[in-house]
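Enquirer: structure here, sequence nowhere to be found:
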């Protein structure tokens, strides 16, 4: 009976501290969260797992080429297919569609995405000099953590932590 009481007390203590514990877990793994964002972008999706828009064929940038705009956009799209071919991401996101941007040419922009600690978790921003232009074009949801990434964090970080915290003796628990 003491084991049940002790487990109940441990659970009550953990439940009260859970918001702070989760905040610290997220902050401790901010590099992983940055990786989630770059993985999403490389897959051509924002934090809602929606294709980045505008796509190459509707990007106002190419309008400067007048009647040749469609041909120039298609040429750029073909070039991007060669330098960053669509692949399934390490998170399991589908490969991007050929006409969807991934904001990757040489990795500079992706390498400048930063997660910084704040009350309640993290703030994610781009730190490249042109990040504000990218955010203006594609929206602030490009820095949002997607449902797939949140599930990955839950499965890989939170569940193992809770398993140990709720079960210090190592009994088999199913979650």
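Expert: Everything's here; your move. This one's a predicted model, so the numbers in the text were calculated from it and none came from an experiment.

Enquirer: give me the contacts around the helix or strand containing residue 75.
Expert: Using DSSP states H and E, residue 75 sits within helix 69-83. Here helix 69-83 makes contact (CB atoms under 8 Å, 6 or more residues apart in numbering) with 56-57, 59, 62-63, 65, 98-99, 101-102, 105. The C-beta positions use only the backbone N, C-alpha and C, and glycine is treated the same way.

Enquirer: ok, now stretch 26-40?
Expert: The contact list for stretch 26-40, computed with CB under 8 Å, 6+ apart, reads 46-47, 49, 89-91, 93, 110, 113-117, 121-122, 124, 142-143, 145-146, 149, 152-153, 157.

Enquirer: report the buried members of the residues you listed.
Expert: By the neighbour-count criterion of 16 or more other CB atoms under 10 Å, the contacts of stretch 26-40 include these buried positions: 46-47, 49, 89, 91, 93, 110, 113-115, 121-122, 124, 142-143, 145-146, 149, 152-153, 157.

Enquirer: helices of this structure, start to end?
Expert: Assigned by DSSP state H, the chain shows helices spanning 2-28, 30-42, 69-83, 108-111, 131-138, 147-153, 159-166.

Enquirer: what packs against the fourth one?
Expert: The one in question is helix 108-111. Packing partners of helix 108-111 (3 or more CB pairs under 8 Å, 6 or more residues apart in numbering; DSSP states H and E): helix 30-42.
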